[in-house]
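> sequence unavailable; structure follows:
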């Protein structure tokens, strides 16, 4: 029996294959109603970035576990006025049972993990988005019945989502292809980490050729071309990223059974077309729903509810 009680999730690579499998299996059981939990634990949400799916899915997930949620808006707490993170972390450690943080620097959530004993969850940083990838893996498995050997192609900016897809995908035995314009590749250290985790060298492919990347792939994935904090680059990036748009032409090159994912929010007509987003191969809304189920399972594991 895998025991994750008290652990942090700062990177998807903090988990091994068996631990991810435990979370995904529990997420499926929670989604189907096969399992339920009842707790009085309290989740804190410390979000420095705007959020719809992450905020709502974490909140609903905790309420469905029987727990409570406190919104620790930085603009209404002392951390927003410059209180040292280590001081905030040590205080919240004495009030809360679990804390999800959405911020910019990966080092900030590491500080919270270093100065508190409660589980700390990375709800998005500029480096990684591990909770999104748990939901993605759940959605892919629902579509194909398995993850092992599935080929997933991510098109667009080599950002935090691409990083977590690389690591989470290879951990679960998937082939992961990342197609980006030159100069927008994923972090080199993340690529090396994914290559080290991969069982076969062909599991990790980094390319600039979108059409070659989607050949025979079962999962097409994209994200916005300019992440939060990069909005001023949008106009410059659009013509550079246009060849990486998920449209009917690219979808036609993929495997006939291919599904399309997007972590949202989406800018229709830019990184993905309206036709593909609303088409019968889209699993985007299932993917969004699974944020709640995957995070509910994650919190249940970190709180030890499934022991």
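Everything's here; your move. No experiment lies behind these values; they were computed from the predicted model shown.
> and the helices in the stretch 151-300 of the chain?
For the stretch 151-300 of the chain, the helices defined by DSSP state H, counting those that start in this stretch cover 160-171, 188-197, 210-214, 234-241, 248-253, 274-277, 284-302.
> ok, then the element right after the helix or strand residue 92 falls within?
In this assignment (DSSP states H and E), residue 92 forms part of helix 85-95. Where DSSP H and E defines the elements, the next helix or strand beyond helix 85-95 is strand 98-102.
> returning to that earlier point: residues contacting the helix holding residue 92, please?
For helix 85-95, the surrounding residues in contact (CB atoms under 8 Å, 6 or more residues apart in numbering) are 42, 44, 46, 72, 77-79, 99, 108, 111-112, 114-118. Every residue, glycine included, has its C-beta placed from N, CA and C.
> which strand or helix spans the spatially most central residue of the chain?
With distances taken as CA atoms, centre = their mean, residue 132 lies nearest the centre of the chain, 2.1 Å away. Using DSSP H and E, residue 132 sits in helix 130-144.
> list the buried residues for that helix?
With burial defined by 16 or more other CB atoms under 10 Å, the residues of helix 130-144 counted as buried are 130-143.
> the helix holding residue 92: which residues count as buried?
85, 88-89, 92-93.
> tell me which two in these are the farthest apart.
85 and 93 (12.1 Å; CB to CB).
> ok, back up a step: of the contacts of helix 85-95, which belong to helices?
Among the contacts of helix 85-95, the residues falling in helices (DSSP state H) are 108, 111-112, 114.
> please tell me how far the residue nearest to residue 139 when sequence neighbours are not counted sits from residue 305.
Using CB to CB, 6 or more residues apart in numbering and skipping residues adjacent in sequence, the residue nearest residue 139 is residue 287, 4.4 Å away. As for residue 287, its distance to residue 305 is 24 Å (criterion: CB to CB, to the nearest Å).
> so for these two, which residue has more residues nearby?
residue 287 (26 against 21; other CB atoms under 10 Å).
> am I right that that one is in contact with residue 137?
No. With contact taken as CB atoms under 8 Å, residue 287 and residue 137 are classed as non-touching, separated by 10.1 Å.
> same list (the buried residues of helix 130-144) but as CSV, adding distance to residue 7 and pLDDT.
Listed next are these as CSV, based on distance: CB to CB, whole Å; pLDDT from 0 to 100:
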residue, distance to residue 7, pLDDT
130, 12, 98
131, 14, 98
132, 19, 98
133, 17, 98
134, 14, 98
135, 19, 98
136, 21, 98
137, 18, 98
138, 19, 98
139, 24, 98
140, 24, 98
141, 22, 98
142, 25, 98
143, 28, 98
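> which of those residues sit farthest apart?
130 and 143 (20.6 Å).
> quick one: which of the ones in helices among the contacts of helix 85-95 is most hemmed in?
residue 112 (25 neighbours).
> excluding residues flanking it in the chain, which one is nearest it?
Nearest to residue 112 is residue 89, by CB to CB, 6+ apart, at 4.5 Å.
> helices and strands of this protein: which one has the lowest mean pLDDT?
helix 234-241 (a mean of 92; mean pLDDT, DSSP states H and E).
> could you pull out the buried residues of that helix?
For helix 234-241, using 16+ other CB under 10 Å, the buried residues are 237, 240-241.
> of all those, which comes closest to residue 172?
The closest of the buried residues of helix 234-241, once distances to residue 172 are taken by CB to CB, is residue 241, at 27.5 Å.
> the closest one contacts residue 157, correct?
Yes. Under the criterion of CB under 8 Å, residue 241 makes contact with residue 157 at 7.2 Å.
> which residues are common contacts for these two?
Taking CB under 8 Å, 6+ apart as the criterion, residue 241 and residue 157 both touch 184, 225.
> ok so, going back, any chance of the ones in helices among the contacts of helix 85-95 in CSV, with pLDDT and distance to residue 249 too?
Formatted as CSV, the ones in helices among the contacts of helix 85-95 follow (pLDDT from 0 to 100; distance: CB to CB, whole Å):
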residue, pLDDT, distance to residue 249
108, 97, 41
111, 98, 46
112, 98, 45
114, 98, 48
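> mind putting those into JSON lines with distance to residue 163?
As requested, these are arranged in JSON lines below (distance: CB to CB, whole Å):
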{"residue": "108", "distance to residue 163": "17"}
{"residue": "111", "distance to residue 163": "20"}
{"residue": "112", "distance to residue 163": "20"}
{"residue": "114", "distance to residue 163": "22"}
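> who are the contact partners of residue 168?
Residue 168 sits in contact with 12-13, 20, 130, 133-134, 136-137, where contact means CB under 8 Å, 6+ apart.
> hmm, I typed the wrong one, I wanted residue 165.
Going by CB under 8 Å, 6+ apart, residue 165 touches 133, 136, 152, 154, 176, 178, 221.
> out of those residues, which is most surrounded?
Neighbour counts for the contacts of residue 165 (other CB under 10 Å) peak at residue 178, which has 29 neighbours.
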